[in-house]
Structure formats: structure tokens, C-alpha cells
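>>> Just need the structure, nothing else, for what follows:
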Amino acid sequence: MLDIYDFYDKMERNKIVLSFKGDITSELITSILKIMESKLDNLQEEPKIKKKVYNVLVECLQNLYHHTDEVAQTAIAMDNIAPRSAIFMIGKTGPEYTILTGNYILTENVGKLKDKLDKINLMDKEQLKEYYKETLSNDEFSEKGGGGLGMIDIARKSGQKLNYNFLAVENIYSFFSLNIKIS
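Numbering: from 1, shown residues only. Sure thing, here's the model as predicted:
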């Protein structure tokens, strides 16, 4: 029981408002968004901040949902038990919110994702707007229907650089973490 207290204490010290670890489903996303909307109302957050936090959270959760599923499909095809679960946390320190996410991705996709994130991080607000329009009009969509707009949208809506990390877990998988600040 001491371990759970340590975990609780760390969450309190880090001002974690909501956290989850496990399989990301569309039903879970809907529930989390409702819970977070209620929490933002209870915190009497100003509408502009509520909208930013909510919109960035939607993009982050959709990212987790789509990419965790991609890893799971590869694991099934390889008859391998892959880590399907993801993690996310939302914290609030003063006026600033932090959204932290983590999920497994295929190691073969790390380079491409890193290049895209670095490209996004080099852009200012106006360049991000143009890149968004360009990406939207290029008519390239994945099997999931996504056009690669999620990370661009997160950078645009948060107004911050994308703070990320990749940790090699094994040859096939890496753990991708994203830390987004919103104020």
C-alpha cells in the first residue's frame, strides 16, 4: 500500500488533474473528453484556455488511438505480443496546463516522425498556418483517414514547440513521448 501512496504523492506534487494508462478506444476518448470538459468547468477556466486545452487534448488522444492501433496490427501480423497500451496525463501548474502522452510506435517510423516534428518546431505561427493549408490540400490520407494534420494542429493551437522524445524499447518498437504546454 505504500507504493500507491508514493504514486499519489507524486501526482499531487506534479499537479496531475487526470491520468490514464491502458488501451485507447474511441469510447474512452469520448469519456475522457467529457470528464476533462467537466473539470475545466469546475476549475472555472476562461473560455479561451478551455478551448485550447480541449482542442489539443482531442488531437493528442486521436494520435494515441491511431498509432497504438497501428502497432497492434503489426504485432498481430508478426504473431508478437506488443505493448498496446498508451499513457496520458494532464497537469495544471498555475495558469499553465501540461498534456503528456506516451505510446509505442514502430521503430521504422521514428525517423519520419522526428523529421516532421523538427520541421514543425522550426516554423513560426504564420509558417504553421501555411504548412497546415498545404498539408490539407495535398490530398494524401492514411488508411485511417488522417492527413498528417494532428501535430501541426497541436503546435498551432498550443502556440508552443512540440517537446518530444523517442526511447528504443526493442528492434520493432520505440516509445514516443510528447509534452505539450498550454497557457
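>>> So what's the gap between stretch 96-104 and the chain middle?
Here the centre of stretch 96-104 is set off from its chain's centre by 6 Å, with CA atoms, centre = their mean, to the nearest Å.
>>> ok, residues contacting it?
Stretch 96-104 is contacted by residues 24, 49, 53, 56-57, 60, 63-64, 67-68, 71, 82-84, 86-92, 169, 173-183 when judged by CB atoms under 8 Å, 6 or more residues apart in numbering. The way it works is simple: take the backbone N, C-alpha and C, and place the C-beta from them, glycine included.
>>> List the contacts of residue 152.
Remark: with contacts taken as CB under 8 Å, 6+ apart, residue 152 is in contact with 120, 128, 131-132, 135.
>>> Now for residue 17, how many residues are close by?
17 (other CB atoms under 10 Å).
>>> And the residue nearest to the spatial centre of the chain, how far from residue 104?
In the chain, the centroid-proximal residue (CA atoms, centre = their mean) is residue 60; its distance is 3.0 Å. With distances defined as CB to CB, to the nearest Å, the gap from residue 60 to residue 104 amounts to 15 Å.
>>> try residue 133
When CB to CB is applied, the distance between residue 133 and residue 104 equals 32 Å.
>>> Please identify which of the two sits among more neighbours.
When neighbours are counted by other CB under 10 Å, residue 104 comes out ahead of the other of residue 133 and residue 104, with 25 against 11.
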